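Colleague: Got a sequence here, can you build the structure:
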Amino acid sequence: MSQQGAKTAIAPLLSVRNGAKAVEFYKAAFGAVELLRVDDPSGAVVAQLSVGEAVFWLADESPEHLNFSPESLGGGTVRMILVVDDPDAVFARVVEAGATVVWPVDDKPYRWRVGRLVDPFGHHWEIGKPLGGGS
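Modeller: Numbers count the residues shown, from 1 in each chain. You can find the predicted model right below:
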């Protein structure tokens, strides 16, 4: 339960191998804004980013704390879903920034226009929007 007046939210934290490089990728790819950043003397980074009103975190992996990146695990267990007004334009921008297409943006039978890609750090993203008639 939340405290009175506190907003309840779930914000993913993406574990990556190179936090500083990841911050720059998400800025270029999604137009992300850095809300908070802590740089450790070792070079590790923890950052809070936002894309519009959607907030997420990223941090360098730390195996000693059981935090592993998809690169270390050979894949991820979560897909990020980014809902935007123009999935085609956002998808193209993310690919231009260095992501790899899993499947291109297309209208799906479940009434979504969506495409899927994997970013250079192994995280899968679906970028889309619901089409008319519900989601």
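
Colleague: so what's the residue nearest to the spatial centre of the chain closest to, chain neighbours aside?
Modeller: Centroid-nearest residue in the chain, with Cα atoms, centre = their mean: Met80, separated by 5.6 Å. The shortest distance from Met80 to any non-neighbouring residue, by Cβ to Cβ, 6 or more residues apart in numbering, is to Trp125 (4.7 Å). For the C-beta atoms, the positions are set from N, CA and C on the backbone; glycine is no exception.

Colleague: Can you name the residues that contact the residue nearest to the centre of the chain?
Modeller: 12, 14, 56, 123-126 (Cβ atoms under 8 Å, 6 or more residues apart in numbering).

Colleague: if we can go back for a sec, ok but the residue nearest to Met80 is inside a strand, no?
Modeller: Yes. Under the criterion used here (DSSP: H, G, I helix; E, B strand; the rest coil), Trp125 sits inside a strand.

Colleague: Now find how far off-centre the helix or strand hosting the residue nearest to the centre of the chain is within its chain.
Modeller: Using DSSP states H and E, Met80 sits in strand 79-83. How far strand 79-83 lies from its chain's middle: 7 Å, per Cα atoms, centre = their mean, to the nearest Å.

Colleague: could you say what helices and strands the first helix or strand past that strand going along the chain packs with?
Modeller: Note on strand 79-83: by DSSP H and E, the next helix or strand toward the C-terminus is helix 87-97. Identification of packing neighbours for helix 87-97 by 3 or more Cβ pairs under 8 Å, 6 or more residues apart in numbering; DSSP states H and E yields helix 19-30, strand 100-108, strand 112-118, strand 124-130.

Colleague: for Ala54, what are its contacts?
Modeller: Counting by Cβ under 8 Å, 6+ apart, the residues that Ala54 touches are Leu82.
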